[in-house]
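In: With the sequence up front, the predicted model follows.
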Amino acid sequence: MPKEPSKKKPKTVLEKVIASIIDLDQEGGSSRASIVKRAREEYGVAAPTAVSKALKAGVAAGKLEQNKQSFAVVGHTPTAAPPGQSVDVTDISLGDGDEAVVGSECTMKYVGTLEDGAQFDAAPKFDFTLGGGEVIKGWDIGVLGMKVGGRRRLVCPPQFGYGKRGSPPEIPPNATLHFDITLKAVR
């Protein structure tokens, strides 16, 4: 879950990128797209190319570590969510294929239901970039670390779903969402 912006005001683009990664506070690092977005919104770094150059310089200087398309700050440990304020992740079956990491293009099969069991959505094939902010936060958290062929059940409290507004007419305000998901492919 993104934190409030860092207290110390970063000056250089690299410092702004590092602050953005710490603000995003993602286990396994943050995707280039989410870093670009955070750096633009919170620190005024308008050029994605400047972020890319800073990421490369940070890795070369040993301040950042890169894992595929995700970047983490060396020595920074993401904050654990308080009890009851996280996504409940239950493995139904473990996969044995490639692992989903931040920045992975994931292909999923899923069924989404409300607490009363009413189905609000389902898809035999759905593609998204993990950690890129393309899906609800509960998915970015719940899919991380899955292996191709694996099945999970996610229970996403409102703050990791559609929040106070919901997504009418299918999803009411403050809805806890349940998903049965299968990771079909990772690229």
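Out: Okay, I see it.
In: use CA for all of it now, contacts and neighbours both
Out: Noted.
In: and the helix or strand hosting residue 18, average pLDDT?
Out: Per DSSP states H and E, residue 18 falls inside helix 13-24. In this model, helix 13-24 carries a mean pLDDT of 92.
In: Any buried residues in stretch 66-75, and which?
Out: In terms of neighbour count (16 or more other CA atoms under 10 Å), stretch 66-75 has its buried residues at 66, 69, 70, 71, 72, 73.
In: hang on, the earlier thing: may I have the helix holding residue 18 as PDB, with CA atoms only?
Out: The C-alpha trace of helix 13-24 is given here as PDB (Å, rounded to 0.1, in the frame of the first residue of the first chain):
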ATOM      1  CA  VAL A  13      16.000  12.900 -10.000                       C
ATOM      2  CA  LEU A  14      17.700   9.800  -8.500                       C
ATOM      3  CA  GLU A  15      16.700  10.900  -5.000                       C
ATOM      4  CA  LYS A  16      13.100  11.400  -6.300                       C
ATOM      5  CA  VAL A  17      13.100   8.000  -7.800                       C
ATOM      6  CA  ILE A  18      14.400   6.400  -4.600                       C
ATOM      7  CA  ALA A  19      11.700   8.300  -2.600                       C
ATOM      8  CA  SER A  20       9.000   7.100  -5.000                       C
ATOM      9  CA  ILE A  21      10.100   3.500  -4.600                       C
ATOM     10  CA  ILE A  22      10.100   3.800  -0.800                       C
ATOM     11  CA  ASP A  23       6.700   5.600  -0.900                       C
ATOM     12  CA  LEU A  24       5.200   2.800  -3.000                       C
END
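In: ok, residue 26 - how many residues close by?
Out: By the measure other CA atoms under 10 Å, the count of residues near residue 26 is 24.
In: show me what contacts the closest residue to residue 87 other than its chain neighbours?
Out: Ranked by CA to CA, 6 or more residues apart in numbering and with sequence neighbours excluded, the top spatial neighbour of residue 87 is residue 156, at 5.0 Å. By CA atoms under 8 Å, 6 or more residues apart in numbering, the contact set of residue 156 is 86, 87, 88, 138, 176, 177, 178.
In: Okay, and the beta partners of residue 156?
Out: For residue 156, the beta-bridge partners are residue 177 (DSSP bridges).
In: by contact count, what packs against the helix or strand bottoming out on mean pLDDT in the chain?
Out: Within the chain, no helix or strand scores below strand 30-31, which has a mean of 86 by mean pLDDT, DSSP states H and E. Here strand 30-31 touches strand 70-73, going by 3 or more CA pairs under 8 Å, 6 or more residues apart in numbering; DSSP states H and E.
In: re the thing from before, what comes into contact with the least confident helix or strand of the chain?
Out: 21, 24, 69, 70, 71, 72, 102, 103, 130, 131, 132.
In: Swap in 6 Å and give it another go.
Out: 69, 70, 71, 102, 103, 131, 132 (CA atoms under 6 Å, 6 or more residues apart in numbering).
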